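Show me the folded form of this:
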Amino acid sequence: MARAKAKRNRQQTEIAQAIIAEWFRVLPDSTGNIGTMDAFSLTAAFNDILDRPTKAIIDEAAVVNIVVPLPPAGVANRDQLREYLALNQDFVVGMSVAALFGCGR
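Predicted coordinates for the structure are as follows:
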């Protein structure tokens with residue numbers, strides 16, 4: 001799975017701040033319809049914060065989006081994967097939880 005770090009003089013917490021700002025933008029002041037989140041604006045914000053290209057994908061209430069990671073960094077063949085999994089026995093459980101974790105509605 002590709003990983004990113006915050007650019008110099010930026011904080012990873014700015015990702016959460018950008019998402020929360022978007023929530024405030026789309027939620028009504030009291031009752032009413034929720035607006036549409038802007039994936040393009042969020043992508044631009046994330047790209048400004050992180051050191052690698054990103055793409056914001058807006059979660060859908062009716063669909064579980066699972067981002068399928070690439071093999072772990074440094075694992076180039078099946079034997080290395082077997083060794084990696086043997087040394088990181090909590091990896092399968094952790095990856096399963098991470099893949100199915102969702103927040104919001």
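
any idea of the pLDDT on residue 1?
Looking at residue 1, its pLDDT stands at 56.

scratch that, residue 69 is what I was asking about
Residue 69 is assigned 76 on the pLDDT scale.

What count of nearby residues applies to it?
Using other C-beta atoms under 10 Å, residue 69 has 12 other residues around it. For the C-beta atoms, the positions are set from N, CA and C on the backbone; glycine is no exception.

my guess is it contacts residue 95, does it?
Yes - applying C-beta atoms under 8 Å, one finds residue 69 in contact with residue 95, separated by 7.2 Å.

Let me see the contact set for residue 91.
Contact analysis of residue 91 by C-beta atoms under 8 Å, 6 or more residues apart in numbering lists 84-85.

Quick check: the gap between it and residue 18.
Noted for residue 91: a distance of 29 Å to residue 18, by C-beta to C-beta, to the nearest Å.

How is residue 24 assigned, secondary-structure-wise?
State at residue 24, reduced to three classes by DSSP: H, G, I helix; E, B strand; the rest coil: helix.

same check, this time on residue 68
coil.

Residue 27: neighbour count?
Close neighbours of residue 27, defined as other C-beta under 10 Å, add up to 12.

Could you tell me the per-residue confidence at it?
Model confidence at residue 27, expressed as pLDDT, equals 91.

which parts of stretch 32-47 are buried?
42, 45-47 (16 or more other C-beta atoms under 10 Å).

CA atoms only: put it into CSV for me.
C-alpha atoms of stretch 32-47 as CSV (Å, rounded to 0.1, in the frame of the first residue of the first chain):
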residue,chain,number,x,y,z
GLY,A,32,-32.3,20.2,5.9
ASN,A,33,-30.5,18.3,3.2
ILE,A,34,-26.9,17.4,3.4
GLY,A,35,-24.8,18.8,0.6
THR,A,36,-22.5,16.9,-1.7
MET,A,37,-18.9,16.5,-0.6
ASP,A,38,-16.3,17.7,-3.1
ALA,A,39,-13.8,15.0,-3.8
PHE,A,40,-11.8,17.4,-6.1
SER,A,41,-11.4,20.0,-3.4
LEU,A,42,-10.4,17.3,-0.8
THR,A,43,-7.9,15.8,-3.3
ALA,A,44,-6.3,19.2,-3.8
ALA,A,45,-6.1,19.8,-0.1
PHE,A,46,-4.6,16.4,0.5
ASN,A,47,-2.0,16.9,-2.2
